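> Structure, please.
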Amino acid sequence: MKSTVLWALIALNAMLATTFALRMIKPNAAYAENTRPGDYIMLPGTAIGQSGAMIYIIDQSSQQLSGLAVDQRGRLEAVKPVDLQHAFSNAEGGNAGGKKPGKK
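Here you go, the predicted structure:
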């Protein structure tokens, strides 16, 4: 009886020592992706032509404007992202309305 208990304790100690050694050898580190998460600005508001609320989300690192529309039932609907770099490059040349220069 004592011999069985002794061998069970020796086996348990060997298993615990092995587990401890493996934890110390292999670090338990979380590795992030190479890309940096975005810097976000979130603004509540309303959209023209909608009766529900709107949440505007600006991602500064990827230069995108997206949003979530809240309908009357409280459900969220994703709004297609807009590339702000492209939108502002059109506005720089005085072509904010999208019309061709020189045409009326």
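> which residues of the protein fall in helices?
2-25, 84-92 (DSSP state H).
> and Leu65, which of those is closest to it?
For Leu65, the closest of the helices of the chain is helix 84-92, at 5.5 Å, according to CB to CB. For the C-beta atoms, the positions are set from N, CA and C on the backbone; glycine is no exception.
> Going by mean pLDDT, which of the helices of the chain comes out lowest?
Ranked by mean pLDDT, the helices of the chain bottom out at helix 84-92, with a mean of 82.
> what helices or strands is that helix leaning on?
The contact analysis (3 or more CB pairs under 8 Å, 6 or more residues apart in numbering; DSSP states H and E) places helix 84-92 against strand 64-70.
> Now find how far off-centre the strand it packs on is within its chain.
14 Å (CA atoms, centre = their mean, to the nearest Å).
> for it, what is the average pLDDT?
If you average the pLDDT over strand 64-70, you get 90.
> if we look at that strand, which residues are touching it?
Contact with strand 64-70 is made by 47, 50, 52-59, 76-84, 87, as judged by CB atoms under 8 Å, 6 or more residues apart in numbering.
> Show me which of the residues you listed are buried.
With burial judged by 16 or more other CB atoms under 10 Å, the buried subset of the contacts of strand 64-70 is 54, 57-59, 79.
> Which of those residues fall in strands?
The strands, defined by DSSP state E, take in 54, 57-59, 79 from the buried ones among the contacts of strand 64-70.
> And those residues, which two are furthest apart?
Spatially, the most separated pair among those is Met54 and Asp59, at 16.3 Å (CB to CB).
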